[in-house]
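> Build me a structure from this.
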Amino acid sequence: MENLIRSKLNEISLPLTLRSLGPEETKTIGRKLGKLLRSGEVVCLYGELGAGKTCLVQGLAQGLKVREEEIKSPTFVLIREYEGELPVYHFDLFRLSNSQELEELGYEEYFYGRGVTLIEWADRLGECLPSRRIDINLSIIGEQERHIEVSSPEGLSDQIVEGLAEA
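Just a heads-up that it's a prediction; the model follows:
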């Protein structure tokens, strides 16, 4: 059985490409990935306004057992903390004006800690972008359809690749 799983994993190439036909499907993909995340994971989300980053974050947090009604975009406060199976740190850097603001938040304390860090608009991290991370690029294909590409500079764990391939 393990050889079969390894064989299937070898057939999956990175970046892993997924397609969502709407917000609920995007949340479902997020929930599946969220269940696979472990403490210290940093997930960086990229995509234009309206691409579905917050929707995916809602699913990720739900997968980590955060109650749905607690998950709100932290756009005006830059970060929200949620309690779930693990602590979840949700950054939204859309309104970040400079790296000084990020340093004042003590962002490094969140990365690789005992929780999971989810970062919308991660491209605004610049040189602060961690090397050990999961990158998720969301692209708008149609009114509801989204292209979701998952990769990592250091490679994804087999567990995450297998779980997402099932999604």
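
> Specify the beta-bridge partners of the residue nearest the centre of the chain.
In the chain, the residue lying closest to the centroid (Cα atoms, centre = their mean) is V43, at 3.9 Å. Each beta-bridge partner of V43 is listed here: L118, I134, as defined by DSSP bridges.

> now what about the longest helix seen in the chain, what contacts it?
The helix spanning the most residues in the chain, taking DSSP state H as the definition, is helix 23-36. Helix 23-36 is contacted from outside by 18, 20, 43, 52, 55-64, 116, 138, 144, 146, 148, 150, 159-160, 163-164, 166-167, using Cβ atoms under 8 Å, 6 or more residues apart in numbering. In this view, the C-beta of every residue, glycine as well, is placed from N, C-alpha and C.

> next one: stretch 45-55
20, 23, 26-27, 30, 56-57, 73, 92, 118-123, 135-140, 146, 148.

> hang on, the earlier thing: among the contacts of helix 23-36, which ones are in helices?
Per DSSP H, helices hold the following members of these: 55-63, 159-160, 163-164, 166.

> Buried among those? Make that a ChimeraX selection.
Filtering those down to the buried ones (16 or more other Cβ atoms under 10 Å) takes a single ChimeraX command:
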select :55,56,57,58,59,60,61,62,63,160,163,164
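
> which of the ones in helices among the contacts of helix 23-36 lies closest to S131?
I160 (16.8 Å; Cβ to Cβ).

> No more questions from me, cheers.
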